[in-house]
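J.: Okay, sequence plus prediction incoming.
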Amino acid sequence: MSETLLPEAQDRKLRRLATAVYALQALGLVIWPAWVAGAVIDYLEIGEARGTWLETQFNWQLRTFWFGLAAAAIGWLLLAVKIGALVLAGAAVWAVYRIVKGWIALNDGRALALAEAPH
């Protein structure tokens with residue numbers, strides 16, 4: 001992607017929002033409405049980040065949300081056949097990995113790969 005440079009104030013704002021979303025995702029592992037709030041923030045703010053490295057952060061967070069939601073739904077359904085707990089545990093480990101990897105990249109000012117939009 002050809003990268004658009006943002007004014008410093010806008011860059012700071014989007015970095016703060018991305019940081020807040022990672023925090024909400026981490027909290028969402030315990031209190032699920034926080035996870036949903038993070039996705040709402042991403043959808044509301046991704047337009048401002050279009051064409052910048054920060055767009056990859058928002059896309060990464062949205063993919064983490066949607067794939068995590070799908071894995072959690074499958075895990076809950078599979079609780080009836082006694083393997084749901086394993087699926088839920090695996091989904092939680094995967095989500096933690098995604099949150100940590102994304103947050104580190106954000107702090108380093110790096111774009112994330114495979115960040116095509118799920119929208």
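T.: Structure's in. What do you need?

J.: switch to C-alpha atoms for all contacts and neighbour counts from now on
T.: OK.

J.: Run through who's touching the helix or strand encompassing Ala85.
T.: For Ala85, the element it lies in under DSSP states H and E is helix 84-108. When contacts are defined by C-alpha atoms under 8 Å, 6 or more residues apart in numbering, helix 84-108 is touched by residues 15, 18-19, 22, 25-26, 29, 57, 60-61, 64, 68, 71-72, 74-79, 111-112.

J.: next one: stretch 7-21
T.: Surrounding stretch 7-21, the residues in contact under the criterion C-alpha under 8 Å, 6+ apart are 38-39, 41-42, 45, 49, 54, 57-58, 61, 103, 106.

J.: can you rerun that using 6 Å?
T.: Contacts of stretch 7-21 from elsewhere in the structure, counted by C-alpha atoms under 6 Å, 6 or more residues apart in numbering, are Gly38.

J.: quick one: average confidence on it?
T.: Per-region confidence: stretch 7-21 scores 94 on mean pLDDT.

J.: any idea which residue sits dead centre in this protein?
T.: In the chain, the residue lying closest to the centroid (C-alpha atoms, centre = their mean) is Gln61, at 1.7 Å.

J.: Which helix or strand contains that one?
T.: Gln61 belongs to helix 53-78, assigned by DSSP H and E.

J.: buried residues in that helix?
T.: Neighbour-count burial for helix 53-78, with 16 or more other C-alpha atoms under 10 Å as criterion, is recorded at 53-65, 68, 71-72, 75, 78.
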